[in-house]
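Student: Provide a 3D model corresponding to the input given below.
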Amino acid sequence: MPGNVLWGWLGPLLVAGFGAILRFAGLGRPHAVVFDETFYVKDAFALITYGVERASLGTVENPIADRMLIAGDTDIWVRCPQPEADPCPLYVAHPPLGKWMIGVGEQLFGMTPFGWRFAGALVG
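Tutor: Sure, this is the predicted structure:
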């Protein structure tokens with residue numbers, strides 16, 4: 001701000017701090033896989049773990065893998081009938097940058113709702 005260097009820095013920092021509190025408070029709620037997280041969370045976890053997306057258990061209508069993740073079980077992958085085909089490939093429709101960001105949050109904070117929502121909240 002012209003004429004007052006202190007408020008030129010302090011004002012935006014206070015606004016950013018207030019925004020961070022609003023954004024990160026309660027980020028882990030609800031403790032569930034919500035809406036399109038069902039795709040991004042598992043794809044991000046596969047990218048971080050295997051370097052490629054993998055097919056997970058269940059379907060959108062029967063999200064077995066989502067329930068397993070919320071319970072803390074990360075063994076959610078489909079076992080391929082041919083060992084040479086493992087990891088089971090997945091039809092990938094979402095862009096990878098967001099999934100890599102989500103995966104970093106999962107690595108930092110674990111396979112929890114807070115972990116997979118952290119990067120989006122930070123970048124946003």
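Student: which intervals of the protein have sub-threshold pLDDT?
Tutor: 1-2, 82-87, 89-90 (pLDDT under 70).
Student: which residue lies farthest from the center of it?
Tutor: residue 3 (43.3 Å; CA atoms, centre = their mean).
Student: burial count for residue 42?
Tutor: By other CB atoms under 10 Å, the residues close to residue 42 number 29. The C-beta positions use only the backbone N, C-alpha and C, and glycine is treated the same way.
Student: Oops, could you answer that again for residue 24 instead?
Tutor: For residue 24, the neighbour count with other CB under 10 Å is 14.
Student: how near is the nearest residue to residue 93 once chain neighbours are set aside to residue 21?
Tutor: Spatial nearest neighbour of residue 93, excluding adjacent residues (CB to CB, 6 or more residues apart in numbering): residue 39 at 7.9 Å. From residue 39 across to residue 21, the span is 29 Å (CB to CB, to the nearest Å).
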